[in-house]
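**Q** Provided below are the primary sequence and the corresponding predicted coordinates.
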Amino acid sequence: MNRVLSTASVAAFLLSATCVLSAEPKLSSRALMQSKIEHSREVLAGLCVEDFGRIAANARSLTQITEEQWIGVESEQYRMHLKNFRFATAELERLANEKNMDGASLAYLQMTMSCIDCHKHLRRREK
């Protein structure tokens, strides 16, 4: 019985240590935005050459970034912009997977407009 408990304890410790070690550190706001810009550029590049896999992969990365890390501005308007961005990136991924170029292009424009609107909102808050 003690041997079973010891083995279970060691397994639990190793599992928790692995989870902690594999967790990616949070990015700074600047690094987070740079990452989003890079993925956005990759989406645009994918749209230009009709590389739907590239579009979908980078749209998925953009969605994941905002689900895992985001700038913690506490305002209803910011949350609305974040929701719009997530919706646009999810649609972009879905439409890329469907190989719908016109739809993916429109979703990219909507995503870009959500970025611009959010940044205008954040600049207004800073004044």
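**A** All right, it came through fine.

**Q** can you pull out the helices in this structure?
**A** Under the criterion DSSP state H, the chain contains helices at 2-22, 29-49, 52-68, 76-97, 101-126.

**Q** check these for me: which has the lowest mean pLDDT.
**A** Among the helices of the chain, helix 2-22 carries the lowest mean pLDDT, at a mean of 41.

**Q** how close does the residue nearest to His121 when sequence neighbours are not counted get to Gln34?
**A** Leaving aside its chain neighbours, His121 sits nearest to Gln77 (5.5 Å; criterion: C-beta to C-beta, 6 or more residues apart in numbering). From N, CA and C alone the C-beta is placed, and that goes for glycine too. Distance of Gln77 to Gln34, computed by C-beta to C-beta, to the nearest Å: 24 Å.

**Q** surely the residue nearest to His121 touches Leu122?
**A** No: if you go by C-beta atoms under 8 Å, Gln77 and Leu122 don't touch, sitting 9.7 Å apart.
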